[in-house]
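Trainee: heads up, no residue letters with this:
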């Protein structure tokens with residue numbers, strides 16, 4: 001005697017949920033692949049300085065020229081220079097480093113507007129995910145140099161401060177350039193965040209404001225003069241948990 005066996009019917013909604021769940025699982029593998037690819041590509045880029053700033057800054061403007069000079073001096077001093085790989089301040093950073101002695105690195109992101117890869121990159125790494133790109137900005141850096149910028153620059157700045165403040169990454173120089181531009185933010189941090197006990201008074205000291213390229217390079221070397229740039233085994237372990 002034969003028995004008809006019917007598969008349970010799956011509603012359209014459940015099928016859609018299953019498809020979405022499967023897509024999410026495959027996306028996790030995509031993220032892993034992006035992380036592995038970037039880690040392997042950038043592992044020799046050390047010591048390095050990540051430079052942040054606006055994509056909207058035009059070539060030839062004072063901010064652009066200043067960034068280019070800073071990046072060139074850092075490159076000639078032995079630092080790879082990491083930028084977001086796009087136009088504006090990012091392009092100026094890559095251009096200055098490209099003309100210098102050390103690698104110019106661009107961490108490029110796919111965006112619907114503003115972002116296009118600049119041509120001044122010795123090493124170019126593409127990302128789909130913002131958060132993975134931000135990990136690579138901090139994972140390989142020995143210092144952060146922040147020029148004027150908008151929401152993206154502020155996001156990157158605050159992430160760097162938070163990682164250092166919480167000990168999730170090494171204590172390293174966080175340098176704001178163009179004091180007039182940053183004065184209001186720094187004053188608000190001192191008078192509001194500290195006053196309201198949202199941060200500790202000593203947290204303000206995580207930030208330096210330096211306008212002169214020569215002094216920026218000197219400040220980074222001074223920070224490392226007693227310990228060097230090479231990470232200990234424990235420091236390398238900490239960096240795995242950014």
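Mentor: Perfect, I can see it now. Just so it is clear, the structure is predicted and the values come from calculations on it, not from any experiment.
Trainee: When you work out contacts or count neighbours from here on, use the C-alpha atoms and nothing else.
Mentor: Fine.
Trainee: For this protein, which segments are assigned as helices?
Mentor: 12-42, 62-76, 89-98, 130-139, 151-165, 179-188, 213-224, 233-239 (DSSP state H).
Trainee: list the helices and strands the third one packs on?
Mentor: If I follow you right, that is helix 89-98. In this structure, helix 89-98 packs against strand 48-52, helix 62-76, strand 80-83, strand 104-109, with contacts taken as 3 or more C-alpha pairs under 8 Å, 6 or more residues apart in numbering; DSSP states H and E.
Trainee: so how far is the first one off the chain centroid?
Mentor: Going back to what we said before, that points to strand 48-52. 7 Å (C-alpha atoms, centre = their mean, to the nearest Å).
Trainee: The last one too?
Mentor: Taking the mean C-alpha point of strand 104-109 and that of its whole chain, the gap between them comes to 10 Å (C-alpha atoms, centre = their mean).
Trainee: packing partners for it?
Mentor: strand 80-83, helix 89-98, strand 123-127, helix 130-139.
Trainee: Please report how far the residue nearest the centre of the chain lies from residue 43.
Mentor: For the chain, the residue nearest the mean C-alpha position is residue 137 (2.9 Å; C-alpha atoms, centre = their mean). In this view, residue 137 and residue 43 are 12 Å apart by C-alpha to C-alpha, to the nearest Å.
Trainee: Of all the helices and strands packed on helix 89-98, which one comes closest to residue 92?
Mentor: Set against residue 92 and scored by C-alpha to C-alpha, these come closest in helix 62-76, at 4.7 Å.
Trainee: Give me the residues contacting the closest one.
Mentor: Identification of contacts with helix 62-76 by C-alpha atoms under 8 Å, 6 or more residues apart in numbering yields 49, 57-59, 80-81, 88-89, 92-104, 147-148, 213-214, 216-217.
Trainee: how about CSV for the helices of the chain, with distance to residue 121 and mean pLDDT added?
Mentor: Listed next are the helices of the chain as CSV, based on distance: least, C-alpha to C-alpha, whole Å; pLDDT from 0 to 100:
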stretch, distance to residue 121, mean pLDDT
helix 12-42, 13, 73
helix 62-76, 13, 98
helix 89-98, 6, 98
helix 130-139, 15, 86
helix 151-165, 20, 95
helix 179-188, 28, 97
helix 213-224, 21, 97
helix 233-239, 25, 79
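Trainee: Looking at those, which one is packed in the most?
Mentor: A comparison of the helices of the chain by mean neighbour count, using mean count of other C-alpha atoms under 10 Å, puts helix 89-98 on top with a mean of 30.
Trainee: List the contacts of it.
Mentor: Residues contacting helix 89-98 (C-alpha under 8 Å, 6+ apart): 51-57, 59, 63-65, 67-76, 80-85, 103-106, 118, 120-122, 147.
Trainee: quick one, that helix and helix 62-76 angle?
Mentor: Here the directions of helix 89-98 and helix 62-76 differ by 40 degrees (axes from the mean of the first three to the mean of the last three C-alpha atoms, to 10 degrees).
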